[in-house]
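Visitor: Here is my input, please return the structure:
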Amino acid sequence: MGIGRRIWIAAAVAAAPLGLAYRFALAYRVRAGYPHRYPPRITPADLGLPFESLAVVSDDLSLPAWFLPARGGAPGPGVVLVHGWESARDRTLPMAVFLHAAGFHCLTFDVRGHGANAPEALPLSAGEFGRDAGAAFRALVARPEVTVGAISGHSMGAIGAILAGAADPRVAAIVATSGPSDPYRLTRQTFRLARLPIPDLIAYPLAWLTARVYVRPRGHDVGSTSASAAFARYRGPVLLAHGDDDAVMPASHLGRLERAALAARAGDPTAGRVETLPISGGQHSWLYEDPRYRRAVARFLAEACGGPLDPAEAGEIAAATPTERIPDGEARFEAIAESPGGIRTLVRVALPGATRPPVRADAASDAAPLAAEP
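Guide: Next up, the predicted model:
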């Protein structure tokens, strides 16, 4: 065998794993990038809350939303509520219940590709959550009732809240609950949730590649979709909350976000403070059912926004307000639930057709959703 042929074979052997990894990344993007849509099943009226239906304009989209005026529409602070992946605006209503009781106007909306919105042609990432959260914030502060605005988000919505805050200096405060710290670790965690038998030596570089491939169709890069990186551009006060029994996004993400936020504010005496709220026994969702969470969130927002109530009073009112999850429960991220799992997944991504977008039935059926992030 000639030297040239041996070199060609050696190069082909070396490139094979890279080719398979790239195909894996493409297949992952298809499987994970197109959320199932579950239109809202209840309205604020079902929980005794006043509301007005409106549309949030984000890029060329019109996103359905609800505005919930507090205190009879008297001027005061407002909060945008950002739902998580494969969720919708009704899942944030338990948050609105106790925030409304504490005097805050609330605006909640369906992120593009979620809820009552049409499906998207390109995969969704934290970048879209950030753009839509920013558009919702602009709609909130344009209201005559709202004097100052904050953003509260859960899980993917938490990243969206941080990205939106980094893009708009008017954001007075951020509450980020159960949020992933960065795209690499988020991707690595989805491998674990899907029970892919990939050793860390391979999984971490594979997650690095997959995260980069995932965000490329919409022109994002990993840094622009990272909550940790976004703290370099946000100086307002932030409350980071996480349950220590979170099986979806480990509580270690809370520490990473805290360190990133503190490092970005080092030496800046004008920066808002960083608060953390670890909830003992808390899971990924439903932290609002814990009075410790409700008290801390309402107190923090009242302090950061200058009202409408004294922070201690707002916290006690929120803690005393019964808040329960929307019936339907929570299951797994649908892209993971549909994955065949294990070695079969790794084999299938190398087959032709694995990278084509999925054909999904409209989730606006009578079937109950199997997965939703409140």
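Visitor: CA atoms for contacts and neighbours, from now on please.
Guide: OK.
Visitor: Does residue 84 belong to a helix, a strand or coil?
Guide: Following DSSP: H, G, I helix; E, B strand; the rest coil, the label given to residue 84 is coil.
Visitor: and it, backbone torsions?
Guide: phi -100, psi -170 (degrees, to the nearest 10).
Visitor: Surely it touches residue 159?
Guide: No: applying CA atoms under 8 Å as the test, residue 84 and residue 159 come out as separate, 9.4 Å apart.
Visitor: which of the two has more neighbours?
Guide: Set side by side, residue 84 and residue 159 show more neighbours around residue 159, with 34 against 28, by other CA atoms under 10 Å.
Visitor: Which pLDDT value goes with the residue lying closest to that one once chain neighbours are set aside?
Guide: Spatial nearest neighbour of residue 159, chain neighbours left out: residue 227 (5.3 Å); criterion: CA to CA, 6 or more residues apart in numbering. Residue 227 carries a pLDDT score of 97 in this model.
Visitor: How about the one 3 residues further on?
Guide: Note on residue 230: pLDDT of 97.
Visitor: hmm, back to that, need the overlap of contacts for residue 84 and residue 159.
Guide: Both residue 84 and residue 159 are contacted by residue 153, under the criterion CA atoms under 8 Å, 6 or more residues apart in numbering.
Visitor: mind listing the helices for the stretch 201-350 of the chain?
Guide: 227-230, 252-265, 291-305, 311-319, 334-337, 342-348 (DSSP state H, counting those that start in this stretch).
Visitor: in the second one, what counts as buried?
Guide: It stands for helix 252-265. 253, 254, 256, 257, 258, 260, 261, 262, 264, 265 (16 or more other CA atoms under 10 Å).
Visitor: in the chain, what spans have low per-residue confidence?
Guide: 1-18, 328-374 (pLDDT under 70).
Visitor: ok so, going back, make a markdown table from the buried residues of helix 252-265 and add distance to residue 244 to it.
Guide: Formatted as a markdown table, the buried residues of helix 252-265 follow (distance: CA to CA, whole Å):
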| residue | distance to residue 244 |
| --- | --- |
| 253 | 10 |
| 254 | 10 |
| 256 | 14 |
| 257 | 15 |
| 258 | 15 |
| 260 | 19 |
| 261 | 20 |
| 262 | 21 |
| 264 | 25 |
| 265 | 26 |
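Visitor: Which of those residues sits closest to residue 232?
Guide: The closest of these to residue 232 turns out to be residue 264 (CA to CA; 5.0 Å).
Visitor: could you pull out the strands for the stretch 151-300 of the chain?
Guide: 171-177, 238-243, 274-279 (DSSP state E, counting those that start in this stretch).
Visitor: what inclination does the first one have with respect to strand 238-243?
Guide: Think strand 171-177. Angle between the axes of strand 171-177 and strand 238-243 is 10 degrees (criterion: axes from the mean of the first three to the mean of the last three CA atoms, to 10 degrees).
Visitor: Packing partners of strand 171-177?
Guide: Using 3 or more CA pairs under 8 Å, 6 or more residues apart in numbering; DSSP states H and E as the contact test, the elements touching strand 171-177 are strand 146-154, helix 156-167, strand 238-243, helix 291-305.
Visitor: Out of these, flag the one nearest residue 31.
Guide: Ranking the helices and strands packed on strand 171-177 by their distance to residue 31 (criterion: CA to CA) puts helix 156-167 first, at 16.7 Å.
Visitor: Centre-most residue in this protein?
Guide: Nearest to the mean C-alpha position of the chain, counting by CA atoms, centre = their mean, stands residue 156 at 1.2 Å.
Visitor: So for that one, what's the nearest residue that isn't a sequence neighbour?
Guide: If the residues on either side of it in the chain are set aside, residue 156 comes closest to residue 84, at 4.9 Å by CA to CA, 6+ apart.
Visitor: And the one you found, how far from residue 125?
Guide: Remark: distance between residue 84 and residue 125 (CA to CA, to the nearest Å) = 11 Å.
Visitor: tell me the phi and psi of residue 106?
Guide: Torsion angles, degrees, to the nearest 10, at residue 106: phi -130, psi 140.
Visitor: next one: the one 10 residues further on
Guide: When read as degrees, to the nearest 10, the backbone of residue 116 gives phi -90, psi 0.
Visitor: That one touches residue 110, doesn't it?
Guide: Yes: with contacts counted by CA under 8 Å, residue 116 reaches residue 110, the gap being 6.9 Å.
Visitor: which residues does residue 277 contact?
Guide: 239, 240, 241, 242, 293, 296 are the contacts of residue 277 under CA under 8 Å, 6+ apart.
Visitor: give me the number of residues near residue 118?
Guide: 13.
Visitor: Can you give me every residue that contacts the residue nearest to it when sequence neighbours are not counted?
Guide: Closest residue in space to residue 118, ignoring its immediate chain neighbours: residue 112 at 7.6 Å, by CA to CA, 6+ apart. For residue 112, the contact set (CA under 8 Å, 6+ apart) comprises 61, 63, 118, 119, 120, 128, 129, 132.
Visitor: now the helices: where do they sit in the stretch 1-150 of the chain?
Guide: Taking DSSP H, counting those that start in this stretch as the test, the helices found in the stretch 1-150 of the chain are 3-32, 93-101, 126-141.
Visitor: Quick one: closest of these to residue 198.
Guide: helix 3-32 (12.0 Å).
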